[in-house]
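Student: Could you work out the structure for the sequence below:
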Amino acid sequence: MATIALMKTQLIKAYRIIATGSAFALFSTGGLALSVIIFSIQRLIYRDINKRNQAARTAVHYSFKFFVGYMRLVGILRLDIDKLDAIKRAKGQLIIANHPSLIDVVVLISIVRHADCVVKADLWKNPFLKGVVKATGYINNDAEPDYFLGQCKKSFASGNNLIVFPEGTRSIPGKPWHFKRGAGNIALRTQVDILPILIDVNPITLTKGQKWYQVTDRRFTFKMRVLPPYLIAPYIQDDQITNSVRKLTRDLQAYLNEEKLKYE
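Tutor: Sure thing, here's the model as predicted:
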């Protein structure tokens, strides 16, 4: 009986590794297909760069929705989303979230309509994703500050929802979150309120330093909890915007860390 149970466990793990590998392969080939086929067609259809970017974002939204559906179908992922309507109704908002796993932005973009993103400069060098970030017009976090903020303002004015991970990198399991000032700067300098989202992945998987083939023993649950909008009006009253950004960042960090404890 023990031998049979061990074999069953090994078979399940082997299946999960294969299923996870197939998902990563689908994601990579999908990125190439979008760049080579879909975006090429859109370049022929849309001469206006803004319309072309929006069409590309729509294509990415539905592609990621398909990818998330595939992960659910093969038994890798289970979704548990609280207040889904609040996310779908969002328009022209700054969405911030913690970043426990590699697929956080994928799930968010699959749900958030008119999603724009602040992304790392490294993605412009990634052979599978550079075509995506270029076609969508996602905002490079390494851009010159005035240009960066100008792009953020333009995105909000177009009704896009800008997704930012204020930690700047993936969260460390079991550790408090430490926010950089990027999200606070965007919020105050564009005068846009913040929609905070808490993400929990259980069992922990695809975290920083973890390889894709280090699969969990069971299907992981991706939970999202939408918090009430965080209003920035009290922080605008300070004439020294640098001080306001620092205070907003500190308050946001404390607030989300406190909500995290309730969530757990």
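
Student: residues of the helix or strand containing residue 70 that come out buried?
Tutor: Here residue 70 is covered by helix 49-73, with elements defined by DSSP states H and E. Counting neighbours by 16 or more other Cβ atoms under 10 Å, one finds that the buried residues in helix 49-73 are 52-57, 59-61, 63-64, 67-68, 70-71. C-betas here are computed from N, CA, C, even on glycine.

Student: tell me what that helix is packed against?
Tutor: helix 2-33, helix 39-45, strand 77-82, helix 104-111, strand 115-119, helix 130-136 (3 or more Cβ pairs under 8 Å, 6 or more residues apart in numbering; DSSP states H and E).

Student: about what we covered before: name the nearest of the buried residues of helix 49-73 relative to residue 120.
Tutor: The shortest separation between residue 120 and any of the buried residues of helix 49-73 is 16.5 Å, and it belongs to residue 60 (by Cβ to Cβ).

Student: need the contact list for that closest one.
Tutor: Residue 60 is in contact with 34, 109, 132, 136, counting by Cβ atoms under 8 Å, 6 or more residues apart in numbering.

Student: again, but for residue 53
Tutor: Contacts were defined as Cβ under 8 Å, 6+ apart; by that measure residue 53 touches 135-137.

Student: Neighbour-wise, which one of those leads?
Tutor: The most crowded member of the contacts of residue 53, judged by other Cβ atoms under 10 Å, is residue 136 (25 neighbours).

Student: Just the pLDDT for the closest residue to that residue other than its chain neighbours.
Tutor: Take residue 136 and drop its neighbours on the chain: the residue closest to it by Cβ to Cβ, 6 or more residues apart in numbering is residue 56, 4.5 Å away. Confidence per residue is given as pLDDT, and for residue 56 that number is 93.

Student: now swap in residue 38 and tell me
Tutor: In this model, residue 38 is scored at 93, pLDDT.

Student: longest strand of this protein?
Tutor: Taking DSSP state E as the assignment, the strand of the chain that covers the most residues is strand 194-202.

Student: just checking, what packs against that one?
Tutor: Applying 3+ Cβ pairs under 8 Å, 6+ apart, one finds that strand 194-202 contacts strand 94-97, strand 220-226, helix 241-263.

Student: the inter-axis angle of that strand versus helix 104-111?
Tutor: For strand 194-202 and helix 104-111, the angle between their directions (axes from the mean of the first three to the mean of the last three Cα atoms, to 10 degrees) works out to 120 degrees.

Student: what about strand 194-202, distance to the chain center?
Tutor: How far strand 194-202 lies from its chain's middle: 10 Å, per Cα atoms, centre = their mean, to the nearest Å.
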